[in-house]
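Participant: Just a sequence and a predicted model for now, questions to come.
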Protein chains: 2
Amino acid sequence: MSRFASETVHLIATERLNMDANGTRPGVARSPGGMRQALDLLGPRFGERLTRAKGIVQQHANNTSWHPAEFPDAVLFPETTEEVAEAVRICALHGVPIIPFGVGTSLEGGVNAPYGGVSIDMGRMNNILAVHEEDMDCVVQAGVTRKQLNAHLRETGLFFPVDPGADATIGGMASTRASGTNAVRYGTMKDAILALTVVMPDGSIRKTGTRARKSAAGYDITRLFVGAEGTLGVITEATIKLFGIPEAISGAVCSFPDLASACNAVIATIRVGIPVARIELLDEVQVRACNAYSHLDIPETPTLFLEFHGTEAGVVEQTEMFGEIAREWGASNFTWTTRPEERSKLWEARHNVYFACFALRPGSKFIATDVCVPVSRLADAITQTKADIERTGLVAPIVGHVGDGNFHVSVMAMTDDPEEMERNEAFIRRLNSRAIEMDGTCTGEHGIGQGKRSFLVQEHGANVDTMRAIKAALDPQGIMNPGKIFLS
Amino acid sequence: MSRFASETVHLIATERLNMDANGTRPGVARSPGGMRQALDLLGPRFGERLTRAKGIVQQHANNTSWHPAEFPDAVLFPETTEEVAEAVRICALHGVPIIPFGVGTSLEGGVNAPYGGVSIDMGRMNNILAVHEEDMDCVVQAGVTRKQLNAHLRETGLFFPVDPGADATIGGMASTRASGTNAVRYGTMKDAILALTVVMPDGSIRKTGTRARKSAAGYDITRLFVGAEGTLGVITEATIKLFGIPEAISGAVCSFPDLASACNAVIATIRVGIPVARIELLDEVQVRACNAYSHLDIPETPTLFLEFHGTEAGVVEQTEMFGEIAREWGASNFTWTTRPEERSKLWEARHNVYFACFALRPGSKFIATDVCVPVSRLADAITQTKADIERTGLVAPIVGHVGDGNFHVSVMAMTDDPEEMERNEAFIRRLNSRAIEMDGTCTGEHGIGQGKRSFLVQEHGANVDTMRAIKAALDPQGIMNPGKIFLS
């Protein structure tokens, strides 16, 4: 994975797309000696599990996308919820920022430490605490990754479907309300989580729900923490829904004459109720990148990758129903297979899109975008965006979870060229504004982090005041992952 | 519908299952003259749409269950979000309680006015503002009822699936996080809502989301208002997901030798992944009541009512798969049909359970219960509860949305017999405690209202402090539906 850490420690947070005049943030009350005092207490308590080693500290900042890395003062590796609580109490006492850290695959600077502080690395809290096969749920520590969980589950016939591509932690995925390729069938982290254990900003421990499949008992605090990006507390455990591994799976690839036809096939598929498990759009630039990187020979036109889950008969029925729709919209080479190795090759190529993009423009960095629009606006949104990419002269392939109306333009950027960056930023502003004007969102699954704070305001307006009121009520010192979600 | 309104106006709220020493509630700052001053402003502004007529005021309090009716001072019939905002601003200025009112089918006293105030009846805000067929969503005012919406949608081939039995309003259903018979397939109001328009306790108007199917943009304020029971603001509009009317539907009835076998058949059905649309358990007492009330002749043993949705072939496959499971668990007379009139008769009987119960014990009132447990604990929970009913000597049929682990014991009570009420209340405490000990919830879909406030504390512990902090941040005067969710 490309790494382009800045040398500047404690770089003041700026939102490139909406520069602040200065880096001060009234919400964060960090006393000058607070960090030292907190470290004096944390050090003896946690021994080697608290570190300021440069190599480790530098791993605990953004290294996946274009946001400059901003390092914490120290990294802590807790092993229990109680240890997290203890650490948070010490930090709270001294007004020290806390940045929860999973595996660092956030694309919007979510793990950066613009005000320094302590990065809480959940990597050692990676125990699967219980699997309840009959209830199709499990309880995990927040540092468990999705692949680890699915490997553990294999013999039960169950699986955890949410798949953002990266092998992220459950805590991190919950915090960004992640989803991915099969959300169209299985939902997002909003839907997957039954209950959370959370360390609050004052160090108290809260359990937000039960293992009941539904509840009408009071405010939905679980859903409040899902997507809060660590700004309201540290998620330490999660109770999550599982699904049965389908009896049969078929994978399909399908080329279209143009983007609009592909989008219209998607709309029709959803509308007639085919319970498609995955339906991913790649534009011809993305197909070219994938062909090159993953040694495929897919025709270089707009293409849908699909997956159908069900019974043997059900999968055939779904695939045939889709085939009819695809032909109606001019698809030329609809091929499908139930052979696992062929499916895997396809989806591996899809998951390697991130790496394939870098090969399109050597030396470039990755600016992620993540708009999501009502499905009826998808063709408009994508064709307008495509025209804008061409007009602006960007290297920017498109890939999307189009069943949900969510698509990513990966802007491959020379971030040290200010003139180009200005063009890139203007393009991204137009992209996000277009989605918001279509009654969509600037982020379907990546979260706001540092990069989309001004777009949150554009999208939510005064509703951001409600969010701020909740933030102030639960984290009055502003120590939980400061500089994220909200503009200073 | 049985009505047993108390004559006492402004009866101080007490939670029968957890009597308060007095009725004062520090959170509600109601100045003595505030109500009069507010009415002096509301009257000229709203004319006849503000009323204090006894007949109308008395309809705006609990009349569905055992909670004594507690009347508001006045009832307002707004027609727009802006009018709601205006009214709320006037009430806020004078510290006057506001009680949002849909059609009054809350079972836990949600529409009662223990501190008086203004009931905001959403009945005139019943416009369907937009239906987006391609996106399978619609935008409605909060006073639209689910049957009205489905009648409106019929020609589109779409439907709104959430079905709590009563013809409730979308706003009321959102406020109680309602669900019902087909939540096992289509989810609850938590899942159905894409965005809300809300009038906040200070009278400001907020839009909480967009029409995008998913979003990771900031805190999930939508989910915070879903289930807040009107204690954080007044929901005035909702954007909701729709589904395609299935190509084929089959209905089935199936008798079991005992409750445990029926529950085990449910567990197996969910576990093998049959996407059952409805799976309802009736114990033999409930079957007897339904037979009598709805003129059926179902064998009077524990019975499952089921419904399968899908393609023609899919429905047959699902039904046959279930049939095998049912036979394994000793089902004696599995019958199924795709004929609409036969299905309707069955589900009408299911929906008339509420009325059938009264006939079991003439003169009784209805105490609703609503526990929900992990599905693996369902057989235990129900058989223990059944033994408790028999030991306690109650008339209390059981019916449940068992695919979710949710079941209702309808305690038919002579509420004027204190000795019996003590027994009833002790039974309900044991029922709720049993569910909570099984890692379940005291309410799957009815909400907390007045009746379950102590159980909320038992279930959520310190997590209630988080809820209270949010309540205090968003409604510092405590004017929004006071006396609900939280104990004084």
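Facilitator: The structure has been received and is ready for your questions. Residues are numbered from 1 along each chain as shown, chains lettered A, B, ... in the order given.

Participant: Any idea how many residues pack against A:Phe486?
Facilitator: 19 (other Cβ atoms under 10 Å in any protein chain shown). Using the backbone N, CA and C atoms, a C-beta is placed for each residue, glycine as well.

Participant: I'd like the distance between it and chain B.
Facilitator: 8 Å (Cβ to the nearest Cβ, to the nearest Å).

Participant: same deal with A:Ala166?
Facilitator: Taken as Cβ to the nearest Cβ, the span from A:Ala166 to chain B is 15 Å.

Participant: next structured bit after the lowest-mean-pLDDT helix or strand in chain A?
Facilitator: Every helix and strand of chain A was ranked by mean pLDDT, DSSP states H and E. The lowest is helix A:340-351, at a mean of 83. Per DSSP states H and E, the first helix or strand lying C-terminal to helix A:340-351 is helix A:353-360.

Participant: And for that following helix, what's in contact with it?
Facilitator: Residues outside helix A:353-360 that contact it (Cβ atoms under 8 Å, 6 or more residues apart in numbering or on different chains) are A:2, A:165, A:282, A:285-286, A:288-290, A:292-294, A:349, A:364, A:366, A:395, A:397, A:399, A:410, A:412.

Participant: can you give me the helices for the stretch 51-200 of chain A?
Facilitator: A:54-59, A:81-93, A:146-153, A:170-175, A:183-186, A:189-192 (DSSP state H, counting those that start in this stretch).

Participant: Show me what counts as buried in the second one.
Facilitator: Same thing as helix A:81-93. Neighbour-count burial for helix A:81-93, counted by 16 or more other Cβ atoms under 10 Å in any protein chain shown, picks out A:Thr81, A:Glu83, A:Val84, A:Ala85, A:Glu86, A:Ala87, A:Val88, A:Ile90, A:Cys91, A:Ala92.

Participant: nearest to chain B, of the residues you listed?
Facilitator: A:Ala85 (12.2 Å; Cβ to the nearest Cβ).

Participant: Quick check, the closest one in contact with A:Arg206.
Facilitator: No. In terms of Cβ atoms under 8 Å, A:Ala85 does not count as a neighbour of A:Arg206; the distance is 10.2 Å.

Participant: for the lengthiest helix in chain A, packing partners?
Facilitator: Ordering each helix of chain A by length in residues (DSSP state H) puts helix A:418-437 first. Counting contacts by 3 or more Cβ pairs under 8 Å, 6 or more residues apart in numbering or on different chains; DSSP states H and E, helix A:418-437 packs against strand A:371-372, helix A:378-392, strand A:411-413, helix A:453-460.

Participant: Quick check: mean pLDDT of the second one?
Facilitator: For helix A:378-392, mean pLDDT rounds to 97.

Participant: same question, stretch A:362-375
Facilitator: Per-residue scores along stretch A:362-375 average to 94.

Participant: Same check on stretch A:143-156?
Facilitator: 97.

Participant: do it and chain B meet?
Facilitator: No. Using Cβ under 8 Å from any Cβ of the partner chain, stretch A:143-156 stays clear of chain B, coming no nearer than 10.5 Å.

Participant: From the chain's centroid, how far away is that stretch?
Facilitator: Mean-position distance between stretch A:143-156 and its chain equals 19 Å (Cα atoms, centre = their mean, to the nearest Å).

Participant: which of the residues in it are buried?
Facilitator: A:Gly143, A:Val144, A:Thr145, A:Arg146, A:Gln148, A:Leu149, A:Asn150, A:His152, A:Leu153.

Participant: Now do the same contact list for the first one.
Facilitator: With contact taken as Cβ under 8 Å, 6+ apart, A:Gly143 is in contact with A:Gly102, A:Met122, A:Gly123, A:Arg124, A:Met125, A:Asn126, A:Thr169, A:Ile170, A:Gly171.

Participant: most neighbours, which of those?
Facilitator: A:Ile170 (32 neighbours).

Participant: Need the pLDDT of it.
Facilitator: Value for A:Ile170, per-residue pLDDT: 98.

Participant: Give the full set of residues in contact with it.
Facilitator: For A:Ile170, the contact set (Cβ under 8 Å, 6+ apart) comprises A:Val140, A:Ala142, A:Gly143, A:Val144, A:Thr145, A:Arg146, A:Leu149, A:Ala238, A:Ile240.

Participant: can you check A:Val162 too?
Facilitator: Neighbours of A:Val162 in contact, by Cβ under 8 Å, 6+ apart: A:Arg146, A:Met173, A:Ala178, A:Ser179, A:Gly180, A:Asn182, A:Ala183, A:Tyr186, A:Gly187, A:Thr188, A:Met189, A:Ala192.

Participant: change it to 6 Å
Facilitator: Applying Cβ atoms under 6 Å, 6 or more residues apart in numbering or on different chains, one finds that A:Val162 lies in contact with A:Met189, A:Ala192.

Participant: can you check the one 4 residues further on too?
Facilitator: If a contact means Cβ under 6 Å, 6+ apart, then A:Ala166 has A:Thr105 as its contacts.

Participant: Likewise for A:Ile470?
Facilitator: A:Ile470 touches B:Ile470, counting by Cβ under 6 Å, 6+ apart.

Participant: Equivalent analysis for A:Gly451, please.
Facilitator: A:Glu108, A:Gly109.

Participant: And it, how far from chain B?
Facilitator: A:Gly451 is 12 Å from chain B, by Cβ to the nearest Cβ.

Participant: from memory A:Ile99 sits against A:Asp121, does it?
Facilitator: No. A:Ile99 lies out of contact with A:Asp121 (Cβ atoms under 6 Å); the separation is 9.5 Å.

Participant: between these two, which one's more packed in?
Facilitator: Taking other Cβ under 10 Å, A:Ile99 and A:Asp121 do not tie; A:Ile99 has more neighbours (29 against 25).
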